[in-house]
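[1] Compute the structure for the input listed below.
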Amino acid sequence: MTSKLFGLLGAAGYIAPRHLDAIQATGNELVVACDPCDSVGVLDRYSLSTQFLPNETAFSAFLRRRQRDASVRPIEYVSICTPNHLHPEHCRLAMREHAHVICEKPLALTPAALDELAMLELRTERRIYTILQLRVDERLLALRERLLTERGGPREHDVVLTYLTGRGPWYQASWKGDPEKSGGIATNIGIHLFDLLLWLFGPARRERVYLSDQKRMSGMLELERAKVRWFLSVDPADVARSSGEMRGFTHRSLVVDGESLDFSDGFGGLHASVYGSILAGRGLGIDDARPSVELTHRLKRLPLAALDGDAHDMCRRA
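    Below you'll find the model as predicted:
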C-alpha cells in the first residue's frame with residue numbers, strides 16, 4: 001500500500017510528538033510542518049527532509065502548490081496539534097486545500113462550531129477525524145464489552161471518575177489557562193474522560209457542577225446507565241494530597257461499582273492505533289465527538305449546585 005503524505009500544524013506543541021510517532025508507525029510520510037515557534041528540532045527524529053514553515057499562510061500556499069503540480073503527489077492528510085480554539089480554523093484551512101484532517105481534541109469548543117465543520121465536510125467532500133484514543137484502550141474496550149453484555153441487561157452503575165494532574169505556573173500563563181482559548185478545565189483535560197463516560201454508559205440525562213475555577217472542577221452526571229461523581233484538577237496540592245508527591249505524578253482512575261481501573265500510566269501508543277483505524281476507514285469524526293463537546297459546553301454554563309453528602313465527601317477527600 002502506498003504511504004500517505006501528511007502535513008502537520010502545531011509542530012512545536014506538547015502533543016505533536018504523539019502524532020509524529022503515529023505518522024511514522026503507520027508507515028506514512030510527513031512532508032511539511034508548520035508552527036510560529038521554531039523550536040521544532042523534534043522533527044529531525046523522524047525525517048531530515050520535512051519542510052518547515054513558520055506561518056499558516058505559507059503552509060496553505062505549500063499545500064495549494066502541491067495540489068496544482070502534476071509532478072508531485074498532493075498532501076492527503078493534515079494533522080492538527082494547535083491550541084484548542086484554533087482547531088476549527090485550521091480544519092477549514094486544510095479542507096480548503098483538499099486535505100482530510102486528523103485533529104486533536106476537542107474538534108471545537110462549541111456545538112455551533114461543529115455544525116459549521118459538518119457543513120464544510122459536505123461542501124469539500126473531505127473528512128475530519130478526531131483523536132478519541134481511550135476508545136481503543138484494551139482495558140476500556142474490555143470494560144465496555146462487559147457492560148454491554150452483563151447479565152440481566154443494562155442497569156445503573158455507581159461510578160467515580162478522578163483525574164488529578166499537577167501543572168506549574170506556566171499552565172495559567174499559557175493559552176491553556178484562558179477559558180476562551182482552552183475551554184477551561186472541563187474541555188482541556190476533561191473532554192476525553194467525558195467522551196469515555198458517554199461511550200461506556202450512554203447519554204447524559206442530568207448534570208450538576210459543585211466546584212469550578214481555573215484549577216479544579218467537580219460535579220455529578222446522571223447518565224443512561226450510571227450515576228457518576230467526577231473530579232478534575234491541575235492543582236499540585238490536590239495531587240499531593242492524593243499521592244504524597246508534589247511532582248511527576250498524575251492520577252487517573254475510573255471506579256465502577258467499587259472496582260477500580262487505574263490508568264495513571266497514560267495512553268502511550270494509542271495515537272498510532274487511532275491513525276491506523278482512520279487510514280483503514282474506521283476513523284471517528286464529528287458525530288462521535290459531538291456528545292462530549294455538547295456536554296462540556298453545558299457544564300461550563302451551569303450555575304454551581306449545593307453540595308450533597310456524596311459530593312461534599314468527594315471534594316473533601318480530594
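
[2] Which parts of this protein belong to which domain?
    5-130, 138-266+285-317 (automatic domain parsing).

[3] what distance separates the shortest one from the middle of the whole chain?
    A distance of 16 Å separates the C-alpha centroid of domain 5-130 from that of its chain, computed with C-alpha atoms, centre = their mean, to the nearest Å.

[4] just the helices in the stretch 101-250 of the chain please.
    Along the stretch 101-250 of the chain, the stretches classed as helices by DSSP state H, counting those that start in this stretch are 111-124, 138-148, 169-173, 179-182, 184-188, 191-201, 236-243.

[5] weakest of the ones you listed by average pLDDT?
    Sorting these by mean pLDDT places helix 236-243 lowest, at a mean of 80.

[6] Show me which residues of that helix are buried.
    236, 238, 239, 242 (16 or more other C-beta atoms under 10 Å). (C-beta placed from N, C-alpha, C; glycine too.)

[7] Run through the residues that contact the residue nearest the centre of the chain.
    The centre of the chain sits closest to residue 105, judged by C-alpha atoms, centre = their mean, with a distance of 2.8 Å. Applying C-beta atoms under 8 Å, 6 or more residues apart in numbering, we find residue 105 in contact with 130, 131, 132, 191, 192, 195, 289.

[8] Highest mean neighbour count out of the helices of the stretch 101-250 of the chain?
    Among the helices of the stretch 101-250 of the chain, ranked by average contacts under mean count of other C-beta atoms under 10 Å, first place goes to helix 184-188 (a mean of 25).

[9] contact partners of it?
    In contact with helix 184-188 (C-beta under 8 Å, 6+ apart) are residues 84, 106, 109, 176, 182, 194, 212, 214-217, 232-234, 296, 299-300.

[10] Would you pull up how far that helix lies from the middle of the chain?
    For helix 184-188 - counting by C-alpha atoms, centre = their mean - the centre lies 10 Å from the chain centre.

[11] Relative to residue 147, which of the contacts of residue 105 is nearest.
    residue 195 (15.5 Å; C-beta to C-beta).

[12] which residues in the stretch 1-150 of the chain form strands?
    Secondary structure of the stretch 1-150 of the chain (DSSP state E, counting those that start in this stretch): strands located at 5-9, 29-34, 51-53, 77-80, 100-103, 128-130.

[13] TSV please, covering the ones you listed and showing mean pLDDT and mean neighbour count.
    Shown next, in TSV, are the strands of the stretch 1-150 of the chain (pLDDT from 0 to 100; neighbours: other C-beta atoms under 10 Å):
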stretch	mean pLDDT	mean neighbour count
strand 5-9	98	26
strand 29-34	98	22
strand 51-53	98	16
strand 77-80	98	26
strand 100-103	98	25
strand 128-130	98	26
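
[14] okay if I get these as TSV plus distance to residue 253?
    Formatted as TSV, those follow (distance: least, C-beta to C-beta, whole Å):
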stretch	distance to residue 253
strand 5-9	32
strand 29-34	35
strand 51-53	40
strand 77-80	30
strand 100-103	27
strand 128-130	24
